[in-house]
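Engineer: Below: sequence and its predicted model.
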Amino acid sequence: MAAKLLGTDLCESFARIRTAFSEAINSVQPQELIKKFVKRENETLVVNNKKHELRHNVYIVGFGKAVIGMVRPLEDLLKNSDSSHLKGGILSVPFGIQNAFSDRSHLLPTSDSGIIILEGAKDNIPDESAFKSARKICSLVKNLSEKDLLIVLITGGGSALLPYPLAPTTIAEKQEIVRSLSRAGADITELNTVRKTISATKGGKLAAMTKAQTVSLILSDVINNPLDIIASGPTIVNKDPVGAALNILSKYNVLIPNHTKASLENARACSQEFPHVTNVLVGSNEPALTAVATCLQEARDTDCSMILSSCLQGEAADVGKKMSELAAIITNILCGRGDTDMLRETLFTDLYIGNRERVGVIDLLEKVSKDKGPVYLIFGGETTVHVRGTGLGGRNQEMVLAYSIHMEKAMEESTFTGDIVFLSGGTDGIDGPTDAAGAITYWSSTSPGFRSQLQEAKQQGLNPEAYLKNNDSYTYFSLLSNGYYSLKPGHTGTNVMDIQILMIYPRF
């Protein structure tokens with residue numbers, strides 16, 4: 001029903017943008033990334049140009065949303081004609097991911113690999129199942145010798161999947177601390193700074209447990225790729241200043257047990273280096289954004305797309321509002337109701353767009369005015385949600401809902417003729433505690449049905465403002481046109497933060 005109301009042109013734009021989002025995910029699949037950094041030369045494993053002798057001495061441990069797809073290429077490299085240098089290992093992976101990969105078994109470890117796969121951390125919250133997995137991983141790495149080679153696979157979600165709270169703090173108490181910080185709007189750096197301090201594995205403590213030569217292969221889900229923050233840096237020296245975790249808890253008014261507070265007060269920065277550890281970043285958000293731009297350019301045979309930022313952050317609803325402001329200003333420029341001076345520097349700053357990209361946008365708009373085609377503006381990063389309501393949602397769905405509301409207001413008196421589409425989605429396929437990656441929305445002067453998604457929602461009896469106030473974006477997009485605007489790729493097997501695509505297509 002929704003597709004008929006949108007019209008052919010808008011539906012084609014939706015399909016093109018959804019395809020570009022899928023291509024981004026495909027470009028950062030871990031099994032392909034591993035092949036770029038790990039090679040085999042006779043009886044030597046070469047990781048990022050560093051050589052490690054193979055003597056049937058390799059063990060693999062991993063934790064995170066994307067580690068399940070990282071093992072198979074390593075397994076293939078470590079095989080001989082009649083044996084394998086891989087002796088075994090343990091993966092701690094999200095609850096339900098093996099079932100999600102049931103039709104992609106060729107990407108999973110083989111049944112004879114010796115790799116044990118354990119699921120836990122439902123809804124990305126550390127739980128007893130993940131705690132048991134962490135204890136088993138620690139037991140394995142502690143028993144390795146200097147002659148062994150330990151490969152540690154680390155991706156986003158690893159913090160929740162390797163929970164090992166320092167006694168006497170319990171896993172239930174750690175759950176509540178993490179949940180309270182998340183609901184208060186703490187970003188990933190703040191969350192993981194606290195996690196490092198109250199953990200027996202994070203902040204380099206896993207590396208300190210083992211004598212084995214250790215190689216960590218890391219897939220980043222954090223802005224600017226700080227290795228000590230990704231999965232809370234279990235193999236990276238923790239150099240956070242004393243008191244950093246307590247300051248963050250105080251900032252968000254999170255109450256903690258007295259024994260946890262005492263542990264934090266007594267914590268000291270780690271000056272120990274790990275000469276037996278090599279940490280290698282194998283993937284991040286930037287290649288995914290490049291894949292979006294390439295896909296859109298090939299689809300239109302034009303250079304009409306531009307990456308504006310891979311550092312987008314802040315409150316999701318606020319960012320959605322700023323995105324609508326940017327879109328409205330651009331439409332005014334394109335229909336002759338303003339010039340590029342309307343593109344305020346503060347707006348670019350709020351959206352983490354640099355000066356070079358700002359100049360590029362202005363040049364791009366001049367090109368669009370001449371070529372009469374669409375413009376695609378691409379962002380990456382990770383926002384937060386300060387949860388005040390009781391609904392169900394995630395940062396990407398909340399951003400799109402807030403964008404839709406403010407876009408409707410911004411375009412009330414617009415004379416722009418054309419289509420505007422906005423998508424925001426998580427590359428892991430999971431937005432908050434939901435089975436959606438994000439959502440897509442539109443405003444259109446050419447649609448044969450409704451002029452905007454907001455009008456479509458209200459015609460169906462939905463109150464977008466109420467859903468946003470209740471942080472209930474998942475319910476909203478599930479009900480709206482039977483979920484037509486939800487992004488639901490399922491577990492993607494990767495995790496490199498979020499992607500936003502803003503399309504403005506003037507129909508001159």
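Structural biologist: Thanks, I have the structure now. Residues are numbered from 1 along each chain as shown.

Engineer: Check the chain and tell me which residue is nearest its centre.
Structural biologist: Nearest to the mean C-alpha position of the chain, by C-alpha atoms, centre = their mean, lies Met497 at 2.1 Å.

Engineer: What ranges does the stretch 1-150 of the chain have for its helices?
Structural biologist: 2-6, 8-27, 30-37, 71-78, 97-100, 128-142 (DSSP state H, counting those that start in this stretch).

Engineer: Buried residues in the fifth one, which are they?
Structural biologist: Judged by neighbour count using 16 or more other C-beta atoms under 10 Å, the buried positions of helix 97-100 are 97-98, 100. Where C-beta positions appear, they are placed from N, C-alpha and C, glycine not excepted.

Engineer: Against which helices or strands is that helix packed?
Structural biologist: Counting contacts by 3 or more C-beta pairs under 8 Å, 6 or more residues apart in numbering; DSSP states H and E, helix 97-100 packs against strand 115-120.

Engineer: what do you get for the longest one?
Structural biologist: Packing contacts for helix 8-27, counted by 3+ C-beta pairs under 8 Å, 6+ apart, involve helix 285-300, strand 418-426, strand 438-444, strand 498-506.

Engineer: do the same with the fourth one
Structural biologist: Taking 3+ C-beta pairs under 8 Å, 6+ apart as contact, the helices and strands that helix 71-78 lies on are helix 30-37, strand 38-41, strand 58-63, strand 86-94.

Engineer: out of the ones you listed, which comes closest to Lys239?
Structural biologist: strand 58-63 (21.9 Å; C-beta to C-beta).

Engineer: Quickly list the domain ranges of the chain.
Structural biologist: With domains defined by automatic domain parsing, the chain comprises 2-26+286-506, 29-283.

Engineer: Just the endpoints, please. Distance across the shortest one?
Structural biologist: Read that as domain 2-26+286-506. Domain 2-26+286-506 has an end-to-end distance of 22 Å (C-alpha to C-alpha, to the nearest Å).

Engineer: got the contact list for the nearest residue to Pro163 once chain neighbours are set aside?
Structural biologist: What sits nearest to Pro163 in space, not counting adjacent residues and going by C-beta to C-beta, 6 or more residues apart in numbering, is Pro126, at 3.4 Å. Listed by C-beta atoms under 8 Å, 6 or more residues apart in numbering, the contact set of Pro126 reads 159-161, 163, 171, 174-175, 178.

Engineer: Among the residues you listed, which one sits closest to Ala436?
Structural biologist: Ala436 lies nearest to Ala160 out of the contacts of Pro126, by C-beta to C-beta, at 18.9 Å.

Engineer: what's the one helix or strand the closest one maps to in contact with?
Structural biologist: Per DSSP states H and E: Ala160 is located in helix 158-161. Outside helix 158-161, the residues that touch it by C-beta under 8 Å, 6+ apart are 63-64, 67, 92-94, 120-121, 124-126, 130, 133-134, 178, 191-192, 195, 202, 230-232, 234.

Engineer: Who are the packing partners of the helix or strand just after that helix?
Structural biologist: Counting by DSSP H and E, the element after helix 158-161 in chain order, helix or strand, is helix 171-183. Packing partners of helix 171-183 (3+ C-beta pairs under 8 Å, 6+ apart): helix 188-197, helix 244-251.

Engineer: can you give me the angle helix 171-183 makes with helix 128-142?
Structural biologist: Interaxial angle of helix 171-183 relative to helix 128-142 (axes from the mean of the first three to the mean of the last three C-alpha atoms, to 10 degrees): 110 degrees.

Engineer: quick one on the thing from earlier: Val46: which of the buried residues of helix 97-100 is nearest?
Structural biologist: Nearest to Val46 among the buried residues of helix 97-100, with distances taken as C-beta to C-beta, is Ile97, at 29.6 Å.

Engineer: okay, that closest one: pLDDT?
Structural biologist: Per-residue confidence at Ile97 stands at 92 (pLDDT).

Engineer: which residue sits closest to it, ignoring its sequence neighbours?
Structural biologist: Among residues not flanking Ile97 along the chain, His491 sits closest, at 5.1 Å (C-beta to C-beta, 6+ apart).

Engineer: Next, count neighbours for the closest residue to Gly64 other than its chain neighbours.
Structural biologist: Once flanking residues are discounted, Gly64 sits nearest to Thr155: 3.1 Å by C-beta to C-beta, 6+ apart. As a burial measure, Thr155 scores 31 neighbours (other C-beta atoms under 10 Å).

Engineer: ditto for His259
Structural biologist: With other C-beta under 10 Å as criterion, His259 counts 14.

Engineer: and the gap between the closest residue to it other than its chain neighbours and Lys174?
Structural biologist: Of all residues not flanking His259 in the chain, Pro168 sits nearest, at 4.8 Å (C-beta to C-beta, 6+ apart). Between Pro168 and Lys174 the computed distance is 11 Å (C-beta to C-beta, to the nearest Å).

Engineer: Comparing those two, which residue is more hemmed in?
Structural biologist: The residue with more neighbours, out of Pro168 and Lys174, is Lys174; 25 against 11, by other C-beta under 10 Å.

Engineer: What number of residues are in the vicinity of the nearest residue to the more buried one once chain neighbours are set aside?
Structural biologist: In space, and not counting its chain neighbours, Lys174 is closest to Pro165: 4.4 Å by C-beta to C-beta, 6+ apart. Counted by other C-beta under 10 Å, the residues lying close to Pro165 total 23.

Engineer: Let me see the contact set for Pro165.
Structural biologist: By C-beta under 8 Å, 6+ apart, the neighbours of Pro165 are 171, 173-174, 198-200.

Engineer: With Arg55 instead?
Structural biologist: Contacts of Arg55 by C-beta under 8 Å, 6+ apart are 43, 85, 147.

Engineer: and of the residues you listed, the nearest to Phe379?
Structural biologist: His85 (42.3 Å).

Engineer: any idea how far the closest one is from Leu140?
Structural biologist: Distance check for His85 against Leu140: by C-beta to C-beta, it reads 16 Å.

Engineer: next one: Lys174
Structural biologist: Distance check for Lys174 against Leu140: by C-beta to C-beta, it reads 22 Å.

Engineer: again with Ser102
Structural biologist: Taking C-beta to C-beta, one finds Ser102 at 27 Å from Leu140.

Engineer: which stretches of the stretch 301-450 of the chain have low pLDDT?
Structural biologist: 301-302 (pLDDT under 70).

Engineer: Strands of that one, start to end?
Structural biologist: Secondary structure of the stretch 301-450 of the chain (DSSP state E, counting those that start in this stretch): strands located at 305-312, 375-381, 418-426, 438-444.

Engineer: Alpha carbons of the first one, as PDB, please.
Structural biologist: These are the backbone C-alpha positions of strand 305-312, laid out as PDB (Å, rounded to 0.1, in the frame of the first residue of the first chain):
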ATOM      1  CA  SER A 305      27.600  11.900  -3.500                       C
ATOM      2  CA  MET A 306      29.900  13.200  -0.700                       C
ATOM      3  CA  ILE A 307      31.000  11.900   2.700                       C
ATOM      4  CA  LEU A 308      30.600  14.700   5.200                       C
ATOM      5  CA  SER A 309      31.600  13.100   8.400                       C
ATOM      6  CA  SER A 310      32.600   9.800  10.100                       C
ATOM      7  CA  CYS A 311      32.400  11.400  13.500                       C
ATOM      8  CA  LEU A 312      28.700  12.100  13.900                       C
END
